[in-house]
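Student: give me the fold of what follows.
(one chain, ligands or ions: 1)
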Amino acid sequence: KKLGIALVGLGGYAGGQLAPALQETKHCYLAGIVTGTPSKADEWSKKYNIPGKNIYNYQNFDEIAKNKDIDIVYVVLPVSMHMEYTIRAAKAGKHVICEKPMALNAADCVEMIAACKKANRLLSIGYRLHFEPHTQEIMRLGREKVYGKVTGVDTANGFKYNGDPNAWRLKKALAGGGALMDMGVYSIQGSRYSTGLEPLYVKATEQKTNNDLFKEVDETIFWDLEFPGGLMTKGKSSYNNNWGYLNVTAEKGQYGLKPAFSYGGIQGFTPQGAMNFPQINQQAFQMDDFAQCVLQKKQSRVSGEEGLRDMKVVDAIYRSIASGKKEKII
Ligand code: NAD
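Tutor: Residues are numbered from 1 along each chain as shown. So this is what the prediction gives:
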């Protein structure tokens, strides 16, 4: 049986990536939508053959509890709405995928995990790269110490923001933060999955060149993570630089990814030369994996706990910028 997914929030990512990916999935399909815009409901209904009974708005969303076609709710909303819709979906008896960054802060992540546990529903985060072959190879090289122990990581993610100056991404109340929340989570993850370790401390600094556009949120942030055993890694995030790489230094050589975090076209290198792995539809693999987790009642590798670990680092980075000191990740 293919499980039914309902997308909540029909913006750029839902329309540009997730809905097309759901045409390729084997274990789940696009069964429903939740939108506040009636014209989008009509358009999506026609385009993806979604019956009227599977279309909800933000007012009647909780009625989704009665809908047997919907097994999984996928929250693709501005960050400030992730917690509310994840908890409402779990209370409606649905398993949940919530987009990254998981929530405004780690405390909200803890509440989301608890609500899903209480409702006996699985929670996963929209981390697509854990299903990407080059990225999986980076994880393996570190885990199996193929080139010896990892001694350093340098990673960056960002893009030059030239979109709507009034977009939710630039509003603190809606986004929680700027490029760190949106792009930096990938670099934080890169350091974590390259080393297979959890960081203990962070020291961060912020740089702002456009105080008008980035009045409420961070533009560029640099950070150093300290791992057990004294291993240090470097990360940075930006809304003013087109960055996207992951460089790993190990005892016997360097390897990495560039581009490292894009939807497609990821390339990897090792001391032996270029990696040779297929390009896949990351979102299709990610959603199929979660559907199988639901069918097999097993925790996703990109669980709510995984999202929480990254948000603890994000919280500590903001604390470090505020204090000017090294902060403990708690
Ligand atoms: P978007 O602005 O294109 O879409 C947001 C959607 O939320 C829109 O349909 C909008 O109508 C709706 N919405 C409902 N209430 C709103 C409100 N009060 N203010 C603004 N919009 C409201 O954004 P997006 O790029 O699709 O991002 C949505 C989520 O997906 C974010 O959490 C983002 O971080 C995540 N995302 C993840 C990836 C990934 O690679 N995993 C990529 C892009 C976006």
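Student: so whatever residue of the stretch 201-330 of the chain ends up closest to the ligand, which state does it fall into?
Tutor: Nearest residue of the stretch 201-330 of the chain to the ligand: residue 263, at 6.7 Å (C-beta to the nearest ligand atom). Using the backbone N, CA and C atoms, a C-beta is placed for each residue, glycine as well. Under DSSP: H, G, I helix; E, B strand; the rest coil, residue 263 falls in the coil class.
Student: show me where the stretch 1-150 of the chain has strands.
Tutor: 3-8, 28-34, 55-56, 72-75, 95-98, 123-125, 150-160 (DSSP state E, counting those that start in this stretch).
Student: point out the most buried one among those strands.
Tutor: Compared across the strands of the stretch 1-150 of the chain, strand 123-125 shows the largest average neighbour count, a mean of 29 (mean count of other C-beta atoms under 10 Å).
Student: so what's the residue most central in space within the chain up against?
Tutor: Residue closest to the mean C-alpha point of the chain, counted by C-alpha atoms, centre = their mean, is residue 100 at 3.2 Å. Residue 100 makes contact with 125, 126, 127, 185, 307, 310, according to C-beta atoms under 8 Å, 6 or more residues apart in numbering.
Student: the first one contacts residue 302, correct?
Tutor: Yes - under the contact definition of C-beta atoms under 8 Å, residue 125 touches residue 302, with a separation of 5.1 Å.
Student: looking at this structure, what residue ends up closest to the ligand?
Tutor: residue 11 (1.7 Å).
Student: next, give phi and psi for that residue.
Tutor: When read as degrees, to the nearest 10, the backbone of residue 11 gives phi -90, psi -150.
Student: thought it was touching residue 81?
Tutor: No - under the criterion of C-beta under 8 Å, residue 11 makes no contact with residue 81, lying 11.4 Å away.
Student: which one's more surrounded, the two?
Tutor: residue 81 (19 against 14; other C-beta atoms under 10 Å).
Student: near the ligand, which residues of this structure?
Tutor: Neighbours of the ligand within the chain, by C-beta under 6 Å from any ligand atom: 9-14, 36, 76-79, 99-100, 126, 128, 168, 174, 182.
Student: what about 8 Å?
Tutor: 9-17, 35-37, 40, 58, 75-82, 99-101, 126-128, 167-169, 174, 181-182, 263, 283 (C-beta under 8 Å from any ligand atom).
Student: what's around residue 12, how many residues?
Tutor: 10.
Student: residue 101 now?
Tutor: Residue 101: 26 neighbours (other C-beta under 10 Å).
Student: and the helices in this structure?
Tutor: Here the chain has its helices, by DSSP state H, at 12-13, 19-21, 38-48, 82-91, 106-118, 133-143, 172-175, 179, 185-195, 282-295, 304-323.
Student: give me phi/psi at the residue nearest to the centre of the chain?
Tutor: According to degrees, to the nearest 10, residue 100 has phi -90, psi 160.
Student: so how far is residue 125 from it?
Tutor: Using C-beta to C-beta, to the nearest Å, residue 100 is found at 6 Å from residue 125.
Student: what's the overlap in contacts for those two?
Tutor: Counting by C-beta under 8 Å, 6+ apart, the shared contacts of residue 100 and residue 125 are residue 307.
Student: hang on, the earlier thing: dump the strands of the stretch 1-150 of the chain into a markdown table; add mean pLDDT as well.
Tutor: A markdown table is the format used below for these (pLDDT from 0 to 100):
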| stretch | mean pLDDT |
| --- | --- |
| strand 3-8 | 99 |
| strand 28-34 | 99 |
| strand 55-56 | 98 |
| strand 72-75 | 99 |
| strand 95-98 | 99 |
| strand 123-125 | 99 |
| strand 150-160 | 98 |
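Student: figure out which of these is closest to residue 250.
Tutor: strand 150-160 (5.1 Å; C-beta to C-beta).
Student: residue 30 against residue 5, yeah?
Tutor: Yes - assessed by C-beta under 8 Å, residue 30 is found in contact with residue 5 at 6.0 Å.
Student: identify the contacts common to these two.
Tutor: Joint contacts of residue 30 and residue 5 (C-beta under 8 Å, 6+ apart) are residue 22.
Student: any regions of the stretch 151-300 of the chain where pLDDT drops low?
Tutor: The model of the stretch 151-300 of the chain has no residue with pLDDT under 70.
Student: and this protein, what are its domains?
Tutor: Domain ranges of the chain: 3-128+285-302, 133-277, per automatic domain parsing.
Student: now these in TSV, with distance to residue 325?
Tutor: Shown next, in TSV, are those (distance: least, C-beta to C-beta, whole Å):
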stretch	distance to residue 325
domain 3-128+285-302	19
domain 133-277	7
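Student: quick one, which of the ones you listed gets closest to residue 321.
Tutor: Here domain 133-277 is closest among the domains of the chain (C-beta to C-beta), at 4.9 Å.
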